[in-house]
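*Asks:* pasting the structure only:
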């Protein structure tokens, strides 16, 4: 994601960021980062063309002030119509942090949906992803819009409600944006995922904020799900007797929407009881101290750039 | 309040607690603690009579698990009808932590109101206070019930919404129970207080949790308003051009409801700019680091047990 410091706004920055990522990848890996630029008020159609040329997959737009490093976000989404037009022309995906600035926290996503509908109507060939959907309103909206609009759903929003943040004690490690909503909202996400509708696929939105930046008087937003992501998703689908949907939700639905080449490499999950560490490199992971019944198998067959998931019981 | 550890359940404990409080009071003070016992499932009419004899003013009931030290709270409020009957007979006030256990945090108070209505109907001479009301639903309910039902309102709920807890960063020092609700709820509290209706009076609900117990992975609920309570209330009424209501809200409305002897002592507030300390004895107070324009004048005329408030401009 491009909300780094500094942000990924110019195509040269996108290239540099990709190189920085690749420098961390083991030499025999086939991992290929899919690069995203930040859509800011100053993003021109020419910059979009340059991003495409540099190999970008998508541009992400953050309304001003709605999440981490979004102070430079877009104030008036309507002003960027030439930019969306260019993204549509270059077949780049528009990823949206779908929250309306200034709205009450529980209403921020719902208040943004009118804008999503307008963009979807005005750019019928632009692929749009409403990222980390959290509400029944968002699910219903995306379900009703044409095939160019999808929504990503996180692991943690399939599990948490506001009660897990402020219902009993205050739980900073469950605090994220968009904030987890009502049980009825969470249930709508679960239902959407279990429906197998290809409009709904995984977006991890994992955020490794340190213990210090979480357990303080002004805690950072984000949940660190990366260390448990696939095992906890396997647990989720297993609980619902739908392990058959794991691969589509985590991989093939988004592969198809993003028009990526067919999956060839495989990740295998096996049943194995383990306890999630209470802390990993100074960060408290999701499900810290709890037990999980699935584990990523160590051996990874690699012969392609994308990923196929298999859970073996 | 009686949710101490151990709780104030027996009249002997009430007497001990009063003595412990009085031991902290300067010898020339006329401060008189108004004692409250905890209404638990085991509270009998006989215990109520003993509390009355020991000088209790009120009994407070916490539904099970809704706030600090309420693990021994009441599970089924209907089972305590003989206890309420005794409280009504002995003219003791029933104070309610009005949240329904197990309900979603934003709905807990509203879900409790049916019970409040039932108690008010079944015990028409029992004085009942819905403590720390936070919703438009509660305000409308209490306004519509007979004169035996009132609601207390805190300083912090007149100021905060959920946005101040989880809207931008996570703010553990604004986390309390009941949780601060929507802007429309906060506005209803403000309107109720400014209406001058004597059913709505101050309940401070100040909770001095340490920094360590707030800024951690499992933060305690409560806002420490005591150090700024009267100055911040003077600011509130001054902002609304209604300093004339300060004394009634903080003192005479509740004096009348609690049938206390007429006010004779005085607290005077004067305009004086000061900065609220960032920490007081290891606790972060409400409005920490912010400026207030009112201060409690040092001299207190004391010639009685209750308090009359005066703000001089």
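*Replies:* Great, that's in hand. Just so we're clear, the structure is a prediction, and the values are computed from it rather than from any experiment.
*Asks:* CA only for contacts and neighbour counts going forward, please
*Replies:* Will do.
*Asks:* longest helix of chain A?
*Replies:* helix A:108-122 (DSSP state H).
*Asks:* hmm, who's touching that helix?
*Replies:* Contacts of helix A:108-122 with the rest of the structure, by Cα atoms under 8 Å, 6 or more residues apart in numbering or on different chains, involve A:98-103, A:126, A:128, A:130, A:133-135, A:137-138, A:141, A:145-146, A:148-149, A:178.
*Asks:* and those, which of them are buried?
*Replies:* A:98-101, A:103, A:126, A:128, A:130, A:133-135, A:137-138, A:141, A:148-149, A:178 (16 or more other Cα atoms under 10 Å in any protein chain shown).
*Asks:* let's see which of those end up in strands.
*Replies:* A:128, A:130, A:149 (DSSP state E).
*Asks:* quick one, what contacts the first one?
*Replies:* What it means is residue A:128. Shown in contact with residue A:128 (Cα under 8 Å, 6+ apart): A:93, A:94, A:95, A:96, A:120, A:148, A:149, A:150.
*Asks:* now do the end-to-end distance for stretch A:99-117.
*Replies:* 13 Å (Cα to Cα, to the nearest Å).
*Asks:* same check on stretch A:250-269?
*Replies:* OK, stretch A:250-269 end separation, Cα to Cα: 13 Å.
*Asks:* how far off centre is it?
*Replies:* 15 Å (Cα atoms, centre = their mean, to the nearest Å).
*Asks:* which positions within that stretch qualify as buried?
*Replies:* Within stretch A:250-269, judged by 16+ other Cα under 10 Å, the buried ones are A:250-255, A:257-258, A:263, A:265-269.
*Asks:* now that we have those, can you turn them into CSV and tack on pLDDT and secondary structure?
*Replies:* Listed next are the buried residues of stretch A:250-269 as CSV, based on pLDDT from 0 to 100; DSSP: H, G, I helix; E, B strand; the rest coil:
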residue, pLDDT, secondary structure
A:250, 96, helix
A:251, 94, helix
A:252, 94, helix
A:253, 97, helix
A:254, 96, helix
A:255, 95, helix
A:257, 98, helix
A:258, 97, coil
A:263, 70, coil
A:265, 80, strand
A:266, 86, strand
A:267, 90, strand
A:268, 93, strand
A:269, 95, strand
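*Asks:* out of those, who's near chain B?
*Replies:* The subset of the buried residues of stretch A:250-269 within reach of chain B, counting by Cα under 8 Å from any Cα of the partner chain, is empty.
*Asks:* and which of these is nearest chain B?
*Replies:* Lowest distance from chain B to the buried residues of stretch A:250-269 (Cα to the nearest Cα) belongs to residue A:250, with 29.0 Å.
*Asks:* which strand residues bridge the closest residue to the closest one other than its chain neighbours?
*Replies:* Of all residues not flanking residue A:250 in the chain, residue A:202 sits nearest, at 5.1 Å (Cα to Cα, 6 or more residues apart in numbering or on different chains). Applying DSSP bridges to residue A:202 yields these beta-bridge partners: residue A:153.
*Asks:* surely residue A:202 touches residue A:152?
*Replies:* Yes. The pair residue A:202 / residue A:152 is scored as a contact, 5.3 Å apart, by Cα atoms under 8 Å.
*Asks:* quick check: the one residue sitting closest to the centre of chain A vs residue A:54, distance?
*Replies:* Taking Cα atoms, centre = their mean as the criterion, residue A:203 is the residue nearest the geometric centre of chain A, at 2.9 Å. Distance from residue A:203 to residue A:54, counting by Cα to Cα: 23 Å.
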